[in-house]
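> show me the folded form of this:
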Amino acid sequence: MNLLEAMEERHAVRNYTDEPLTADQITALETAIGEANAAHGLNIQLIHDVPDAFGGCPTHYGRFRNVRNLIALIGRDAADGTADLDERAGHAGELLALTAVTLGLDTSWVVLHETDAHDGKWTLGEGGRMPAAITLGHGARPGRPHRSKPAEELTAVEQGSYADAPAWFRHGIEAAMLAPSALGKQPFRFTLLADGHTVKAETLEGVQAEIGLGIAKLHFELAAADADFVWA
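As a prediction, the model looks like this:
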């Protein structure tokens, strides 16, 4: 299974079995996490095979059971504000979630409260925070597809219409439609600018919108990887 196929297969799972991760899965995840940290300036950490990977922290929404494995998306906000931590965490985290799916694992995004007062499962470090995390493991039951907004609601095209947009842009939008977001609201928009190869991605009003934008941008990039486009 490749990453594009993983987008189709990935559905949120919040109830897990006791089956542990294999040594190969752990190695692959730790390698991917190291690459993500280097690429995005983050301090992502893998917690695995513990009784409560949440460390006693309450969830923002959603009921979870038997979470024994977690990818803690940790980093620091940029001093100049040019690289938003939430967006970086969304982008890097979704690549890790899709990687986990290719390894035969189930996943779900989760936002935790009181992450600085947990019982020792991760380290925030000076100035660090954890805007979100990803649960993973073997689901007790399959996840279900989430609702997606129509493509036309997620896009704008400065010259022409969405139907007339280049195939790479439409492929990117179709992938973005599969992006998970808080409460399934997908608060983002992609605009194809008049030059035909520049894409503006922006948040709309919504819960954890910046995280959702990072996730959606990762989906778009993977689907439009062969195109000559740039972000505005």
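> low-confidence ranges in the chain?
For the chain, the stretches with pLDDT under 70 are 80-83.
> residues in contact with stretch 169-177: which ones?
Applying CB atoms under 8 Å, 6 or more residues apart in numbering, the set of residues contacting stretch 169-177 from outside is 4, 7, 148-149, 151, 154-155, 157, 162, 186, 188, 190, 192, 199, 216-217, 219-224, 227, 229. (Each C-beta comes from the backbone N, C-alpha and C, glycine too.)
> for the closest residue to residue 12 other than its chain neighbours, what are its contacts?
Of all residues beyond its chain neighbours, the one nearest residue 12 is residue 108 (4.2 Å), with distances taken as CB to CB, 6 or more residues apart in numbering. With contacts taken as CB under 8 Å, 6+ apart, residue 108 has the following neighbours: 12, 13, 14, 62, 64, 134, 135, 143.
> against residue 133, how distant is the fifth one?
Distance of residue 64 to residue 133, computed by CB to CB, to the nearest Å: 11 Å.
> which of those two has more neighbours?
residue 133 (28 against 15; other CB atoms under 10 Å).
> doesn't the more buried one fall inside a strand?
Yes - in this structure, residue 133 lies within a strand as judged by DSSP: H, G, I helix; E, B strand; the rest coil.
> okay, and the beta partners of it?
Note on residue 133: beta-bridge partners by DSSP bridges are residue 72, residue 110.
> how about the strands in this structure?
Along the chain, the stretches classed as strands by DSSP state E are 45-47, 70-75, 106-110, 129-137, 155-157, 188-192, 198-203, 230-231.
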